[in-house]
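**Student:** model the following, please.
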Amino acid sequence: MAATAIPANLTVPRRSFASLALLFAKEAKYEMVKNIRIPIYAASTIFFPMMFYVLFAIVLGPGNPVMRAQSATYSLATLGTFGVMGVALFGFGVSLAMERGQGWLQVKRASPMPLAAYFTAKLVSAMAFSAVIALALMAIGFAFGNVRLSLLQCAELVGILMAAAIPFGAMGLALGYLAKPNSAPALVNLIYLPMSFCSGLWIPIFLLPHVLRQVARLLPPFHISQLALRAIGLARDTGSVGGHLQALVGFTLLFLGIAVVLYRRDEGQLYG
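**Tutor:** Predicted coordinates:
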């Protein structure tokens with residue numbers, strides 16, 4: 001008895017914009033809930049920059065009240081950049097490397113959810129944590145550092161630090177595909193801490209040796225911190241806003257390109 005072949009029509013379900021937006025929103029919500037429930041992530045990304053700010057800008061700050069206020073205000077931009085970089089590198093780099101090792105990305109690939117929602121959720125979470133860091137540092141500065149900024153300056157500073165999650169997230173994305181799960185934290189710290197110092201986030205850039213000041217211009221944190229300093233009126237003559245933005249766009253595209261190459265290599269190893 002001959003078997004009859006019945007052709008099957010494979011259809012890809014089309015989602016409306018509302019359902020797609022709801023899907024992205026839910027993925028972002030669960031990503032933030034996941035990060036909040038990991039105490040080491042919240043502690044290292046939020047309290048670490050707060051601790052640095054209290055120690056160096058408040059406790060060990062200049063004795064002169066005017067200089068202390070200026071130092072505390074300056075540190076809002078630099079240590080805020082430091083905190084945002086940690087959020088993005090750990091939220092993308094370490095998290096992605098570990099989820100790759102656990103096979104979570106294979107589950108996401110097999111599900112009907114767009115993979116873009118997975119990465120967008122990480123970006124939204126990083127931006128939300130960045131806003132928390134910026135607001136926490138400003139609260140400490142206003143309460144104990146005699147910081148005085150206008151509402152517009154505060155809004156600009158928070159906006160710049162939130163937007164900084166984009167280039168730092170692209171860097172973390174590349175590191176997440178480059179590193180193995182066990183080596184990811186060490187690799188991120190190996191890049192995160194020296195880059196922070198060389199970019200003038202711990203010591204004002206004008207106090208660094210000439211060689212490091214030139215190296216800083218090749219690093220994304222330097223450009224973010226300079227934009228943040230401009231927002232609060234403390235930037236020195238270190239380049240134009242357009243120059244900083246062009247450098248950051250270039251860095252973002254570079255790291256995204258590296259991430260795409262590593263992503264395709266990773267997919268080739270998994271699926272042939």
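**Student:** how about low-confidence regions in the stretch 101-250 of the chain?
**Tutor:** 237 (pLDDT under 70).
**Student:** what helix or strand is Ala28 located in?
**Tutor:** Counting by DSSP states H and E, the element that carries Ala28 is helix 17-36.
**Student:** which residues of the stretch 51-200 of the chain fall in helices?
**Tutor:** Counting by DSSP state H, counting those that start in this stretch, the stretch 51-200 of the chain has these helices, from start to end: 65-88, 95-102, 104-110, 115-144, 151-163, 165-178, 184-198.
**Student:** skipping adjacent residues, who's closest to Pro181 in space?
**Tutor:** Gly101 (3.2 Å; CB to CB, 6 or more residues apart in numbering). From N, CA and C alone the C-beta is placed, and that goes for glycine too.
**Student:** list the contacts for that neighbour?
**Tutor:** Gly101 is in contact with 180-182, counting by CB atoms under 8 Å, 6 or more residues apart in numbering.
**Student:** for it, give its distance to Ser95.
**Tutor:** Using CB to CB, to the nearest Å, we find Gly101 at a distance of 11 Å from Ser95.
**Student:** then Ala128?
**Tutor:** In this view, Ala128 and Ser95 are 14 Å apart by CB to CB.
**Student:** with neighbour numbers in mind, choose between those two.
**Tutor:** Shown here are Ala128 and Ser95; by other CB atoms under 10 Å, Ser95 has more neighbours (23 against 17).
**Student:** which residues touch the more buried one?
**Tutor:** Taking CB under 8 Å, 6+ apart, we find Ser95 in contact with 122, 176.
**Student:** now it: how far from Pro185?
**Tutor:** The gap separating Ser95 from Pro185 is 11 Å, by CB to CB.
**Student:** burial count for Ala247?
**Tutor:** Using other CB under 10 Å, Ala247 is surrounded by 20 other residues.
**Student:** which of the three states applies to the residue lying closest to Thr78 once chain neighbours are set aside?
**Tutor:** Of all residues not flanking Thr78 in the chain, Leu201 sits nearest, at 4.6 Å (CB to CB, 6+ apart). At Leu201, secondary structure determined by DSSP: H, G, I helix; E, B strand; the rest coil is coil.
**Student:** need the contact list for Leu201.
**Tutor:** Listed by CB under 8 Å, 6+ apart, the contact partners of Leu201 are 78-79, 81-82, 221, 225.
**Student:** including distance to Phe47, could those residues go into JSON lines?
**Tutor:** Formatted as JSON lines, the contacts of Leu201 follow (distance: CB to CB, whole Å):
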{"residue": "Thr78", "distance to Phe47": "17"}
{"residue": "Leu79", "distance to Phe47": "12"}
{"residue": "Thr81", "distance to Phe47": "17"}
{"residue": "Phe82", "distance to Phe47": "13"}
{"residue": "Pro221", "distance to Phe47": "20"}
{"residue": "Ser225", "distance to Phe47": "20"}
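**Student:** closest to Ser240 among those residues?
**Tutor:** Set against Ser240, the nearest of those by CB to CB is Ser225 (15.1 Å).
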